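Undergrad: take a look and give me a structure for this.
(one chain, ligands or ions: 1)
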Amino acid sequence: MSGIITLIGRTNVGKSTLFNSLTNTSNAIVIDEPGYTRDTQQGICSYNNKNFIVVDTAGLYFEENKINETIEINTFETISESDLILFLVDAKDGLVALDKLILEKIRKLNKKIYLVVNKIDKCKTTEEFTELGLKNIFKISAKNKSGVSSLADEISRSFSLPSVDLDNNYPSILIIGKPNVGKSTLSNSIIGKNKQLIEDSPGTTRDCIKIPINKYEKNFNIIDTPGIKRKSKSHKHSEKISYIKTLEFVYYSDLVIVLIDATQSITDQDLTLIKAVMDLGKSSVIAFNKTDIIDEYQRQIIQRDIDIKLKFASYIPIFYISAINSTNIKNIILSSLKIIEHSKLSISTPSLNKIVNEAVDSHQPPLVGKKRIRLRYAHQGGNNPIRIIIHGDMAERLPNGYKRYLTNYIRKKIELSGVALFLELRNK
Ligand code: GDP
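TA: Presented below is the predicted three-dimensional model:
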């Protein structure tokens, strides 16, 4: 069981609204920097003390009245590796041909499917959907949040993420990146002579283990994926960690090192991984590996790419390393441990209010019609990721640009480099 569920349905049936409502992120910072395309988004839903990861496929794949035949294999892999598909339809539109087509496709994956009839606030009769022959039917209004908790309740009973045995409370670091970027080389360099011990340990058949490390006078864990590596031994360079598996490992970590191959600069695959880590609210650092073999020209390309492509992730610190030569590894580990400490920060309510008031004084929130949005009171709603809840008049209507301004302002005042920060705006 992966503990991951996927939302599927045609455009405009309300997938994003349901995603927001399940993951409680309706007012989270929306990343809308230029060059940032949100193809999928992922978040964590906590219900009944159980957690599961929700992946929203964002209507990319089913457009107008046909299924986009260029559906990426990856998308289907993502769907097929998740535990459950939430198949959304629209009560207002009724059953349309494309719904049947989509269902036909996803049925072939032999996955558990829940039919979610959305927008029941607009239309109460939902009988026509029974012809689809799906047993589990949930009638909801994602917008009004009605029926969503019984859906979450049902999911949490059967599909939550399994808890991993924690032998210690030390912070856990995960290294991710596309194949051949140097993940094994880096983790071997950190793990050092403990490696043999790990490969021989009985736990290695599991997908994910935490390896306790004592180095640089610090205790921490490296999350290792021996089950997957073992496969790659027999097929050299064919290692492929599925996207779903990566999300699961991210969930179990305290900080993620996203490795990028400096010889290739920043690829779309790298960006997808960074985005997923941000969506899941994990602290992170980015490391360009193989810097021992790049020349001045490649360095310039990387710098240009950072300025353009990584603008949306500007709070994440960047390191230049060579895993093979162990260059800069101590620095990246010590900085990562510091970031994990910062992610557990408690910000006092008076100082938070002072910062928000200062931000508002130097740049007022915009008007909605003739009335100005007013932000009245802020407090911290949690840490790791840091959640800041701001109450106010029409606060929920705050535009993304202003949310970004506020986030940046708060980041400037509090040392939160590498730490995920979510804003939640609530109407008074
Ligand atoms: P993984 O698939 O991400 O685990 O990548 P590996 O650790 O297996 O590394 C893939 C290839 O890149 C291997 O041939 C490594 O020797 C090489 N490699 C890894 N790190 C470095 C580095 O810092 N510099 C150079 N020049 N090569 C590296």
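
Undergrad: from here on, just use CA atoms for contacts and neighbour counts.
TA: Will do.

Undergrad: gap between the most far-flung residue of the chain relative to its centre and Arg404?
TA: In the chain, the greatest distance from the average C-alpha position (C-alpha atoms, centre = their mean) is reached by Lys370, at 37.0 Å. Distance, Lys370 to Arg404, using C-alpha to C-alpha, to the nearest Å: 23 Å.

Undergrad: which residues of this structure lie near the ligand?
TA: Taking C-alpha under 6 Å from any ligand atom, the part of the chain that reaches the ligand is made up of 179-185, 289-290, 292-293, 322-324.

Undergrad: can you tell me which of those residues has the most neighbours?
TA: Each of the residues of the chain next to the ligand was scored for neighbours by other C-alpha atoms under 10 Å, and Asn289 scores highest at 26 neighbours.

Undergrad: next SSE after the helix or strand bottoming out on mean pLDDT in the chain?
TA: Every helix and strand in the chain was compared by mean pLDDT, DSSP states H and E; the lowest is helix 226-234, with a mean of 47. Using DSSP states H and E, the helix or strand that directly follows helix 226-234 along the chain is helix 243-252.

Undergrad: quick check: which ranges of the stretch 251-400 of the chain have low pLDDT?
TA: Low-confidence segments of the stretch 251-400 of the chain, defined by pLDDT under 70, are absent; every residue clears the threshold.

Undergrad: show me the strands in it, by range?
TA: Across the stretch 251-400 of the chain, reading from the start of the chain, the strands by DSSP state E, counting those that start in this stretch fall at 255-261, 283-289, 318-320, 367-368, 371-372, 374-382, 386-393.

Undergrad: what is the neighbour count of the nearest residue to Val148 once chain neighbours are set aside?
TA: Across the structure, with C-alpha to C-alpha, 6 or more residues apart in numbering as the measure, the residue nearest Val148 apart from its sequence neighbours is Ile140 (6.1 Å). If you count neighbours by other C-alpha under 10 Å, Ile140 ends up with 23.

Undergrad: can you tell me how far Ile140 is from Lys92?
TA: Plainly put, Ile140 is 12 Å away from Lys92 if you go by C-alpha to C-alpha.

Undergrad: and the residue nearest to Val148, how far is that from Asn169?
TA: Counting by C-alpha to C-alpha, the gap from Ile140 to Asn169 is 40 Å.

Undergrad: ditto for Lys282
TA: For Lys282, the distance to Asn169 under the criterion C-alpha to C-alpha works out to 17 Å.

Undergrad: and for Leu271?
TA: As it turns out, when the distance is counted by C-alpha to C-alpha, Leu271 lies 30 Å from Asn169.

Undergrad: ranges for the helices of the stretch 101-250 of the chain?
TA: Along the stretch 101-250 of the chain, the segments classed as helices by DSSP state H, counting those that start in this stretch run 148-159, 183-191, 195-200, 226-234, 243-252.

Undergrad: and the second one with strand 283-289, angle?
TA: Translated: helix 183-191. Between the axes of helix 183-191 and strand 283-289, defined by axes from the mean of the first three to the mean of the last three C-alpha atoms, to 10 degrees, the angle is 110 degrees.

Undergrad: which residues touch helix 183-191?
TA: Contact partners of helix 183-191, identified using C-alpha atoms under 8 Å, 6 or more residues apart in numbering, comprise 175-177, 195, 211, 213, 222, 224, 259, 323-324, 326, 329.

Undergrad: could you flag which of these are buried?
TA: By the neighbour-count criterion of 16 or more other C-alpha atoms under 10 Å, those include these buried positions: Ile175, Ile176, Gly177, Ile211, Ile213, Ile222, Asp224, Leu259, Ala323, Ile329.

Undergrad: farthest-apart pair in those, please.
TA: Gly177 and Ile213 (21.2 Å; C-alpha to C-alpha).

Undergrad: all helices of the stretch 301-428 of the chain, in order?
TA: The residue ranges that make up the helices of the stretch 301-428 of the chain, judged by DSSP H, counting those that start in this stretch, are 329-343, 349-362, 400-413.

Undergrad: C-alpha coordinates for the last one, PDB please?
TA: Extracted in PDB, the C-alpha atoms of helix 400-413 (Å, rounded to 0.1, in the frame of the first residue of the first chain):
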ATOM      1  CA  ASN A 400      -1.700  35.500  -5.000                       C
ATOM      2  CA  GLY A 401       0.700  38.400  -5.800                       C
ATOM      3  CA  TYR A 402       0.000  39.800  -2.300                       C
ATOM      4  CA  LYS A 403       0.300  36.500  -0.600                       C
ATOM      5  CA  ARG A 404       3.700  36.100  -2.300                       C
ATOM      6  CA  TYR A 405       4.700  39.600  -1.100                       C
ATOM      7  CA  LEU A 406       3.700  38.700   2.500                       C
ATOM      8  CA  THR A 407       5.500  35.400   2.400                       C
ATOM      9  CA  ASN A 408       8.700  37.000   1.100                       C
ATOM     10  CA  TYR A 409       8.400  39.700   3.800                       C
ATOM     11  CA  ILE A 410       8.000  37.200   6.600                       C
ATOM     12  CA  ARG A 411      11.000  35.200   5.100                       C
ATOM     13  CA  LYS A 412      13.100  38.300   5.200                       C
ATOM     14  CA  LYS A 413      12.400  38.900   8.900                       C
END
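
Undergrad: just checking, what packs against it?
TA: Where contact means 3 or more C-alpha pairs under 8 Å, 6 or more residues apart in numbering; DSSP states H and E, helix 400-413 is packed against helix 349-362, strand 421-427.
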